[in-house]
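# Following is a predicted model, sequence given first.
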Amino acid sequence: MAEGRVEEAERLYDEAQGNLEAALGRDSPGLAGILNNKALLLAQLKRGDEAEQLFLRAINLTRTGAKTDTPAVAIALYNLAALYAATGRQAKARVASTESEAIMKRLYGDRRPPVLQVWLRV
């Protein structure tokens, strides 16, 4: 990523997060998507501690909604597992990955779309 574009992306994520928090409230499950995406950017920038906190917040916000087993939770857990693996925390990566896989299995059973089968391999 070009440096100026990364800074712009982070600024836009910050702005979107602020707007969503103002509109929906700081504890709204509706923030989970922007937090997950912003965490992905921070992980690419090697800012793992910040990324981890945003992934965990996205997971917690999504779980406060009506359902705890959702694709959004599974995706955030998968992204968290990838961050843990990239930073040498293999045990934590396995826990998050296993939980992500279990959610997908509960949601889709053995008839998961092939893309999910590839996606869930850590």
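In hand now; what should we look at? Numbers count the residues shown, from 1 in each chain.
# tally of neighbours for N19?
By other CB atoms under 10 Å, 11 other residues sit near N19. All C-beta atoms are positioned from the backbone trio N, CA, C, and that covers glycine.
# oh, I was asking about S97
20.
# Equivalent analysis for K105, please.
Neighbours around K105, by other CB under 10 Å: 15.
# Quick check: which element contains it?
K105 belongs to helix 90-108 when elements are defined using DSSP states H and E.
# Check the offset of that helix from the chain's centre.
13 Å (CA atoms, centre = their mean, to the nearest Å).
# in it, what's buried?
K92, A93, A96, S97, E99, S100, E101, I103, M104 (16 or more other CB atoms under 10 Å).
# go on, stretch 44-54?
G48, A51, E52, L54.
# what's the answer for stretch 51-64, then?
For stretch 51-64, the neighbour count (16+ other CB under 10 Å) marks A51, E52, L54, F55, L56, R57, A58, I59, L61, T62, R63 as buried.
# Take these and keep only those in helices.
If you go by DSSP state H, those have A51, E52, L54, F55, L56, R57, A58, I59, L61, T62, R63 in helices.
# Name the single longest helix found in this structure.
helix 3-24.
# Going C-terminal from that one, what's the next secondary structure element?
helix 32-44.
# centre of the chain versus that next one, how much separation?
How far helix 32-44 lies from its chain's middle: 6 Å, per CA atoms, centre = their mean.
# Could you check how far the residue nearest in space to the middle of the chain is from A9?
The structure's the chain has its C-alpha centroid closest to A76; by CA atoms, centre = their mean the separation is 2.7 Å. Distance of A76 to A9, computed by CB to CB, to the nearest Å: 19 Å.
# Equivalent analysis for N36, please.
Distance, N36 to A9, using CB to CB: 14 Å.
# Pick out whichever of these two has more residues nearby.
N36 (23 against 16).
# Can you tell me how far that one is from G109?
Taking CB to CB, one finds N36 at 25 Å from G109.
# again, but for A43
For A43 relative to G109 (CB to CB), the value is 30 Å.
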